[in-house]
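Engineer: I would like to see how this sequence folds:
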Amino acid sequence: MLLKVEDVNAAARTLIAENVDLIYAVTTVAASSTIQETVAAKRTDISVVFAQGNLAVKSGLVKSFKSSGNNATGVAVDFVELTAKKLEFLKMINPNIKKLGYFDAVYADPAAKFNLEELQVQAPKFGLTLVPYKIMNPVGPLSTEEVKNILAKIKPGEVDAYFHLPGPIMGIQNQPMIQQRLNELKIPGAWLELPSVEIGGLFTYSHDLFVIGTQAAAIA
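Structural biologist: As a prediction, this is how the structure comes out:
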């Protein structure tokens, strides 16, 4: 089920009301919302364990790697540092790539913003010009329709490759139609994680989600 941020907050409040001992929050957004709700409810005695805590310190999930300084802990990842390697692979696949398309969602999470900043730094180093496609609506049918309409209007030769940024709007609900359009345009795409490749994406260079889950389980 696709959740909006406010839905995650509501779910966290429900779990707090049920007096659980621990809340497992998979993503950075879920962890951030859950931490905020435990603080607001004065229930910092409830532990929060996160997986995929992207740039955990920079995103504010924890104060430092030495000590979280709060009721949260988990597995820290860094999608940003993988950006340059993905661009390197794209250029290996097709050295003639010049124009790199991506979706730039107004309603983005910290992970998406940090990744976009790094993409803007790294792309020129590989001789790439970025071609953004703006998504104005929040998670839901309207943003999905936006993605669909943008994909339909992309003309052959408009972009040479695609770079997938993290974020709730760019989740699994929109990925199959993006992949289908990339196949029609015959251009390569660099994806965020392995599940995107398993449903048809060309490649990714990322963390092992199963290992992350194992680590998070041990922490819990």
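Engineer: When you work out contacts or count neighbours from here on, use the C-alpha atoms and nothing else.
Structural biologist: OK.
Engineer: Can you classify the most centrally placed residue in the chain as helix, strand or coil?
Structural biologist: If you average the C-alpha coordinates of the chain and look for the closest C-alpha using C-alpha atoms, centre = their mean, you land on Pro166, 2.3 Å from that point. Secondary structure of Pro166, reduced to three states by DSSP: H, G, I helix; E, B strand; the rest coil: coil.
Engineer: Quickly note the distance from the nearest residue to it once chain neighbours are set aside to Val106.
Structural biologist: Setting aside the residues directly before and after it, Pro166 is nearest to Ala112 in space (C-alpha to C-alpha, 6 or more residues apart in numbering), at 4.9 Å. As for Ala112, its distance to Val106 is 10 Å (criterion: C-alpha to C-alpha, to the nearest Å).
Engineer: between these two, which one's more packed in?
Structural biologist: Shown here are Ala112 and Val106; by other C-alpha atoms under 10 Å, Ala112 has more neighbours (22 against 13).
Engineer: mind checking the SS state of the more buried one?
Structural biologist: The assignment at Ala112 comes out as helix when based on three-state DSSP.
Engineer: That one against His164, yeah?
Structural biologist: No: when contacts are counted by C-alpha atoms under 8 Å, Ala112 is not listed as touching His164 (9.6 Å).
Engineer: Show me the strands in this structure, by range?
Structural biologist: 22-25, 47-54, 72-77, 99-105, 129-135, 161-163, 189-191, 203-204 (DSSP state E).
Engineer: ranges for the helices of this protein?
Structural biologist: If DSSP state H is used as the criterion, the helices of the chain fall at 5-17, 28-40, 83-93, 110-122, 141-153, 175-185, 194-198, 209-219.
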